[in-house]
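Engineer: Sharing a model prediction with you, sequence too.
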Amino acid sequence: MAVGIGNPEQKPTNEESTDVAQTERQHLVNAKGTYSQTTERIRSWGKLFKSITPIIWAIVILVVILPLIGQIFITKAFSNSTVPGDIKPPVEVVVKPSVDWTKVDTAMAQALKNAYASAESYASKELDVWIDELMVRVDSSFLGWYFGYFNQKHLEYKSLFVQLSSGAAHLLNSNSSTSEEKVAEVITKDFQTEFAKRVLLPQTSQLRLERLTQQTVKYYLDELSGNINNISISYKIPQADWNRYLNETAITINDSKGQISNLSLKVLAGGG
């Protein structure tokens, strides 16, 4: 009987095949378990990453973006700066002191007094000139007439007749003027009539006085206007405040008839 020698590479037996199959299944199970764990870890990391994403962005903004913006602003600031030669000097702010209106009132009262005194001096000088002209007429015309021989004789005879007639009238009526009073009255009347005709020249004198009055008033207003306007300059008063002050301040004037009127300083200053 022949005995055959078995080949070592022969197919495994049923028992060995079963072991191999179990081993493969165990590897598959282990592989599935490892895959599931890996997937679970990835999901956990994903959730963790989503939860900390805002924090990460906040850190990025604070650490990166904000400093970058600051650098941009710094760069623009230095890029827009001018060279030293183009630097403008600082603007000087001048604080205007408040106006002391009490001092302004005092200055205004003094301005009125000065203008009045100046106008009075002007009128006095003009009157002196006119009086000098009248005195020339007195010396050349009136005195020659008054002390003339014929005029003196005329006065003597006239005084005699007036005295006699007035004396007789007084005897008849004690309430009438005495002879002395009547003589003085007649001589004074003749004196005034001749003086007006030879010296004053009534119509000419009236026109001269009216012109002198107008000139004096104009001189007063011009002086007062200048004095008032100098106050605003001296005290550096703003124009709006100055106009309001002039409008709210008035002086009282009594005219020749005794009538009282108020006149705004704005008018006297030449602004109204």
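Structural biologist: Structure's in. What do you need?
Engineer: Excluding chain neighbours, give the residue nearest to residue 165 in space.
Structural biologist: Excluding its sequence neighbours, the residue lying closest to residue 165 (C-beta to C-beta, 6 or more residues apart in numbering) is residue 182, at 7.9 Å. Backbone N, C-alpha and C define where each C-beta goes, glycine included.
Engineer: what pLDDT does that neighbour get?
Structural biologist: With respect to pLDDT, residue 182 has a value of 83.
Engineer: Repeat that for residue 230.
Structural biologist: 93.
Engineer: do the same with residue 109
Structural biologist: Residue 109 is assigned 92 on the pLDDT scale.
Engineer: name the helices or strands packed onto the helix or strand where the residue nearest to residue 165 lies?
Structural biologist: Under the criterion of DSSP states H and E, residue 182 resides in helix 179-195. Helix 179-195 sits against helix 143-146, helix 149-172, with contacts defined as 3 or more C-beta pairs under 8 Å, 6 or more residues apart in numbering; DSSP states H and E.
Engineer: which stretch in the ones you listed has the least confidence?
Structural biologist: With a mean of 85, helix 149-172 has the lowest mean pLDDT of the helices and strands packed on helix 179-195.
Engineer: Quick check: buried residues in it?
Structural biologist: 155, 159, 162, 163, 166, 170 (16 or more other C-beta atoms under 10 Å).
Engineer: Closest one of those to residue 203?
Structural biologist: residue 155 (27.2 Å; C-beta to C-beta).
Engineer: State the pLDDT value of the nearest residue to the closest one once chain neighbours are set aside.
Structural biologist: Nearest non-adjacent residue to residue 155, counting by C-beta to C-beta, 6+ apart: residue 187, 6.4 Å away. As predicted, residue 187 sits at a pLDDT of 89.
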